[in-house]
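Enquirer: need coordinates for the below:
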Amino acid sequence: MNDPQIPPPGEDLPAAPTPCSRPSRAQRLLAWPITGFARLLTGARSLWRGCAPEPKQRIYFANHCSHADFVLLWSSLPPALRARTRPVAGADYWQRDALRRFLIHRVFHGVLIDRELHDRHSNPLQPLLDALAGGDSLILFPEGTRNPGEGLLPFKSGLYRLARTCPQVELMPVWIANLNRVMPKGRVLPLPLLCTVTFGAPLSLGPGEGKEAFLARARETLLNLAMEAD
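Expert: As a prediction, this is how the structure comes out:
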């Protein structure tokens, strides 16, 4: 996700919820074999170390090393939470063909973000704000793009903007371990390796805390969670 151009404070408050067409029950059932295959392949374990899987509105922010990240994180949530949790994904990737559009809209009910800023007068975070205003939770990857290496890339500012605008929403760090080894770049077939999805303690924006300080703290929190997960 590119660093978006954000309007000045006060201009990006959540708008009224935009009516959205939720996937039908039949379409949502299509997610079961996908999430089931992901969990079977990775043997994924969900570790709730800093919180419990409660029905609270949250932004789950995680490391990003694979297109399968959000599928694995999404499938790690209990079904009731999964039904109200939407992955944030790049429109440039998921709008490329009919199959991807069907999956992201009708199966995963994703929220697409314009990373290429085709309309420079619009707020690229508005779809996320609309989803939060409608009561949904989000899965967000604040690095903005897949990281082929170890550790984390610098965070984009979107997480800070959302924390400032929606302080009532819990920010949940999530570390996804080993998925980059299951399907390394250039490999045709995935390797059957165990993965873990570790949920940490919620994070919030401190009083008077600036963007750089908050993003550094959020990134450090995620790296600490990675060490605990090893």
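
Enquirer: quick one: the helices in this structure?
Expert: Here the chain has its helices, by DSSP state H, at 25-29, 31-42, 69-75, 79-82, 91-94, 98-102, 126-133, 158-165, 179-182, 211-229.

Enquirer: who wins for proximity to residue 63 among the ones you listed?
Expert: The closest of the helices of the chain to residue 63 is helix 211-229. By C-beta to C-beta, the value is 6.4 Å. Placement of C-beta: from N, CA and C, glycine included.

Enquirer: got the angle for that closest one vs helix 158-165?
Expert: 110 degrees (axes from the mean of the first three to the mean of the last three C-alpha atoms, to 10 degrees).

Enquirer: now tell me what touches helix 211-229 from outside.
Expert: 47, 49-50, 61-63, 142, 151-152, 154-155, 157, 159-160, 163, 171, 173-175, 177, 196, 198, 200, 203, 205-206, 209 (C-beta atoms under 8 Å, 6 or more residues apart in numbering).

Enquirer: which of the residues you listed are buried? Put it as a ChimeraX command.
Expert: Those of the contacts of helix 211-229 that count as buried under 16 or more other C-beta atoms under 10 Å are selected in ChimeraX with:
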select :47,50,61,62,63,142,152,155,157,159,160,163,171,173,174,175,177,196,198,200,203,205
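
Enquirer: I'd assumed residue 163 was in contact with residue 171.
Expert: Yes - with contacts counted by C-beta atoms under 8 Å, residue 171 reaches residue 163, the gap being 5.9 Å.

Enquirer: re earlier: need the helices of the chain in TSV with distance to residue 116 and mean pLDDT, can you?
Expert: As requested, these are exported to TSV (distance: least, C-beta to C-beta, whole Å; pLDDT from 0 to 100):
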stretch	distance to residue 116	mean pLDDT
helix 25-29	28	67
helix 31-42	27	75
helix 69-75	20	88
helix 79-82	29	90
helix 91-94	6	89
helix 98-102	16	92
helix 126-133	14	96
helix 158-165	15	96
helix 179-182	25	69
helix 211-229	22	93
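
Enquirer: tabulate those (CSV), appending distance to residue 113.
Expert: Listed next are the helices of the chain as CSV, based on distance: least, C-beta to C-beta, whole Å:
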stretch, distance to residue 113
helix 25-29, 22
helix 31-42, 21
helix 69-75, 13
helix 79-82, 20
helix 91-94, 6
helix 98-102, 15
helix 126-133, 6
helix 158-165, 8
helix 179-182, 21
helix 211-229, 17
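
Enquirer: looking at those, which is nearest to residue 56?
Expert: helix 79-82 (8.9 Å).

Enquirer: ok, and what's touching that closest one?
Expert: With C-beta under 8 Å, 6+ apart, helix 79-82 has contacts from 53, 55, 74-75, 137.
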